[in-house]
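**Student:** build the 3D model from these lines:
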Amino acid sequence: MDREDMERQESEERAARKKELRERQMKKKKQEEQMMIGGGIILLAVLVLVIVLVARGCNKKKNPEDEASKPGKTESVSDSAENTDEPGGSETEEPGTEGAGQESTKSAETEPVSGETETEAADTEAPSDVPETPATEGTPMPVGNWDLSTLDNTPLNFGYAAENRDPVTHIPTDWAWYESMWGQFNVDWIQDTSQNIIYLTMDEGYPNEYTTTILDILAEKNVKACFFLTKMFLDGGEQSSAQIRRMIDEGHVLGNHTVSHRSMPSLTIEEQTAEIVTVNDLVRNQFGYELKLFRFPEGTYSAETLGLVDNLGMKTCFWSYAYNDYSDEQPPVEESLQKAVEGLHPGAVYLLHANSSTNTAFLAQWIDEARARGFEFGVYPVTPN
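**Tutor:** A predicted model of the protein is given here:
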């Protein structure tokens, strides 16, 4: 082999080695790229898993039944010996929850509550023949927006934290939290806060001596109230019938407060339905009036019960002011009047009990004072806001 052939062969061998080296380098680079891609995929999967776990943890903390997520949570303070386990924030008497009477079902986890617990014990203490929940046989189940089987029935107590009340307007700011949690169920907590209009609502647990006087005062002052009726009140004979007829004729609004004033989450869906439908039917048949508003006894509710009321085509009505007007030992008139005046705020929904002698005594003066401070009284809206 001559020198030229040898050089050509060496050149070809060098070219072959370079080619082989380049191929090995490219193969190695490709392997490294694949390893990087694989590692990236694994890292991405780990990140996604972490995000999912964190999100689940956050959702759990934001669960409406999770005590830690609720604004303005306060420790329980009793208002009376009979209500030592009622929620409350301090010993001051601020508007708050409508807690249970003797039949209350308590929840360890409560909504934001105020310094004073506001109950409807008075509605359940009077007659000894408190009606039982009606029989549920044949009661049609409501069909609406909500699959009730998917909704939690953990009892929750409605109320505001006293420290979360705006110091200037006196508006309870907790209502916005409630709206964010439960507004989709067609619920009222307060009315339009941009207007100095307030709304008077009164719960009628059973026949009492004050309702006629209250109606006289409202007629004199040209104020319309919303009266929430129980079957106990409807069963009051001629007295109650005349009072209800007068409420309708004089332009007041009527609402449903159940048959037996029992805590709704303590009942089955069928029993809850009967508690509401029975009162609706009685008022429709006796007075030709269609009830569209509902108030929970004791202020105790759940996601399931809110869904049931909405499925029945009704609006749940809570409140933005209430006080201890339900006890056997009625609070002082002047002190209670001062509280009611100091609690005035735009869009206020006042909850008063019609069986209260104190409310009856200060009602006319409170109406005058509210108007003197630039407020007027509206007719509670029956249709959703």
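
**Student:** just give the number of residues close to residue 252.
**Tutor:** 21 (other Cβ atoms under 10 Å). All C-beta spots, glycine's among them, are computed from the backbone N, C-alpha and C.

**Student:** show me what contacts it?
**Tutor:** Contacts for residue 252 (Cβ atoms under 8 Å, 6 or more residues apart in numbering) come out as 218, 224-227.

**Student:** inside strands: which ones of the residues you listed?
**Tutor:** Residues of the contacts of residue 252 located in strands (DSSP state E): 225-227.

**Student:** now, among those, which is nearest to residue 160?
**Tutor:** residue 226 (19.7 Å; Cβ to Cβ).

**Student:** number of nearby residues for the closest one?
**Tutor:** Neighbourhood size, residue 226 [other Cβ under 10 Å]: 24.

**Student:** quick one: contacts for residue 227?
**Tutor:** Neighbouring residues of residue 227 by Cβ under 8 Å, 6+ apart: 201-204, 247, 252-255, 354.

**Student:** which one of the residues you listed sits in the busiest neighbourhood?
**Tutor:** The most crowded member of those, judged by other Cβ under 10 Å, is residue 203 (29 neighbours).

**Student:** would you confirm that that residue belongs to a helix?
**Tutor:** No: checked against DSSP: H, G, I helix; E, B strand; the rest coil, residue 203 lies outside a helix; its state is strand.

**Student:** could you check the pLDDT of the nearest residue to it once chain neighbours are set aside?
**Tutor:** Once flanking residues are discounted, residue 203 sits nearest to residue 228: 4.8 Å by Cβ to Cβ, 6 or more residues apart in numbering. Listed pLDDT for residue 228 reads 98.

**Student:** and residue 228, how far is that from residue 214?
**Tutor:** If you measure residue 228 against residue 214 using Cβ to Cβ, to the nearest Å, the figure is 14 Å.

**Student:** which of these two has more neighbours?
**Tutor:** residue 228 (29 against 24).

**Student:** so that one touches residue 292, yeah?
**Tutor:** No: contact status for residue 228 versus residue 292: not in contact, 11.9 Å apart, counting by Cβ atoms under 8 Å.

**Student:** show me how the record splits the protein into domains.
**Tutor:** If you go by automatic domain parsing, the domain ranges for the chain are 1-61, 73-377.

**Student:** out of those domains, which gets the lowest mean score?
**Tutor:** domain 1-61 (a mean of 66).

**Student:** before we move on, back to that, dump the contacts of residue 227 to a markdown table, plus distance to residue 340.
**Tutor:** As requested, the contacts of residue 227 are exported to a markdown table (distance: Cβ to Cβ, whole Å):
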| residue | distance to residue 340 |
| --- | --- |
| 201 | 13 |
| 202 | 13 |
| 203 | 16 |
| 204 | 19 |
| 247 | 22 |
| 252 | 19 |
| 253 | 20 |
| 254 | 23 |
| 255 | 21 |
| 354 | 15 |
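
**Student:** for those, which one is nearest residue 146?
**Tutor:** Using Cβ to Cβ, residue 255 comes nearest to residue 146 of the contacts of residue 227, at 20.7 Å.

**Student:** helix, strand or coil for that closest one?
**Tutor:** Following three-state DSSP, we place residue 255 in the strand state.

**Student:** identify the bridge partners of the residue nearest to it when sequence neighbours are not counted.
**Tutor:** Spatial nearest neighbour of residue 255, chain neighbours left out: residue 293 (3.6 Å); criterion: Cβ to Cβ, 6+ apart. In this entry, residue 293 is beta-bridged to residue 315, by DSSP bridges.

**Student:** separation between residue 293 and residue 324?
**Tutor:** Residue 293 is 24 Å from residue 324, by Cβ to Cβ.

**Student:** and the contacts of residue 252, which two are furthest apart?
**Tutor:** The two members of the contacts of residue 252 with the most space between them (Cβ to Cβ) are 218 and 226, at 11.2 Å.

**Student:** what residues are shared contacts of these two?
**Tutor:** 200, 252.

**Student:** helices along the stretch 251-385 of the chain, start to end?
**Tutor:** Per DSSP state H, counting those that start in this stretch, the stretch 251-385 of the chain carries helices over the ranges 269-287, 303-311, 333-342, 357-372.

**Student:** pick the most buried one from these.
**Tutor:** Most buried of the helices of the stretch 251-385 of the chain by mean neighbour count (mean count of other Cβ atoms under 10 Å) is helix 303-311; its value is a mean of 23.

**Student:** quick one, it and helix 269-287 angle?
**Tutor:** 30 degrees (axes from the mean of the first three to the mean of the last three Cα atoms, to 10 degrees).

**Student:** got a list of contacts for helix 303-311?
**Tutor:** Everything outside helix 303-311 that qualifies as a contact, by Cβ under 8 Å, 6+ apart, is 64, 142-146, 148, 151-154, 182, 185-187, 264-265, 269, 272-273, 276, 294, 296, 315-316.

**Student:** now the buried members of these.
**Tutor:** By neighbour count, with 16 or more other Cβ atoms under 10 Å, these hold 64, 142, 146, 148, 151, 153, 182, 185-187, 264-265, 269, 272-273, 276, 294, 296, 315-316 as buried.

**Student:** quick one: closest of the helices of the stretch 251-385 of the chain to residue 34.
**Tutor:** Shortest distance between residue 34 and the helices of the stretch 251-385 of the chain, using Cβ to Cβ, is found for helix 303-311: 50.5 Å.

**Student:** with only the CA atoms kept, save that closest one in CSV.
**Tutor:** Taking Å, rounded to 0.1, in the frame of the first residue of the first chain, the C-alpha atoms of helix 303-311 are listed here in CSV:
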residue,chain,number,x,y,z
ALA,A,303,-77.2,23.6,55.0
GLU,A,304,-79.8,20.9,54.6
THR,A,305,-82.6,22.9,56.2
LEU,A,306,-81.7,26.0,54.2
GLY,A,307,-81.9,23.9,51.1
LEU,A,308,-85.3,22.6,52.1
VAL,A,309,-86.8,26.0,52.7
ASP,A,310,-85.5,27.1,49.3
ASN,A,311,-86.9,24.0,47.6
